[in-house]
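Colleague: quick one, fold the following:
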Amino acid sequence: MILRVIDTETCGLQGGVVEVASVDVINGQIVNPMSDLIQPDRPISRQAMAVHRITEAMVADKPTIEQAISRYHARQRILRGA
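Modeller: Residues are numbered from 1 along each chain as shown. A predicted model of the protein is given here:
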């Protein structure tokens, strides 16, 4: 059995992704960890920074979610054997 667990961190309650991460669980083993900081499409709220500790400076030169998500789609094809 294969299970993919995906987590995101956001700019606050109004959305805007600042980090995406995933791991695969295959036969009870955690494998293929992956994590990317993301340049959000809006400012990060102080409340959100207090929770995840990701600052504007940390994501200033990172890819957008549209640019980064292709890595995660490629992993999906690998798991399916396509």
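Colleague: all contacts plus neighbour counts: C-alpha atoms, from now on.
Modeller: Fine.
Colleague: next, count neighbours for residue 63.
Modeller: By the criterion of other C-alpha atoms under 10 Å, residue 63 has 16 neighbours.
Colleague: quickly find the element holding it.
Modeller: Per DSSP states H and E: residue 63 is located in neither a helix nor a strand.
Colleague: pretty sure residue 36 contacts residue 21?
Modeller: Yes - here residue 36 reaches residue 21: they are 6.3 Å apart, a contact under C-alpha atoms under 8 Å.
Colleague: show me where the protein has helices.
Modeller: Counting by DSSP state H, the segments of the chain that form helices are 46-52, 56-59, 65-80.
Colleague: mean pLDDT for those: which is lowest?
Modeller: Sorting the helices of the chain by mean pLDDT places helix 65-80 lowest, at a mean of 76.
Colleague: what pLDDT is listed against the residue nearest to the spatial centre of the chain?
Modeller: Closest to where the C-alpha atoms of the chain average out (C-alpha atoms, centre = their mean) is residue 20, at 0.5 Å. Residue 20 carries a pLDDT value of 95.
Colleague: ok, now how distant is it from residue 33?
Modeller: 11 Å (C-alpha to C-alpha, to the nearest Å).
Colleague: kindly report the same for residue 17.
Modeller: Applying C-alpha to C-alpha, the value for residue 17 to residue 33 is 18 Å.
Colleague: which residues sit in contact with the nearest residue to residue 7 once chain neighbours are set aside?
Modeller: What sits nearest to residue 7 in space, not counting adjacent residues and going by C-alpha to C-alpha, 6 or more residues apart in numbering, is residue 21, at 5.3 Å. Residues near residue 21 by C-alpha atoms under 8 Å, 6 or more residues apart in numbering: 6-8, 33-36.
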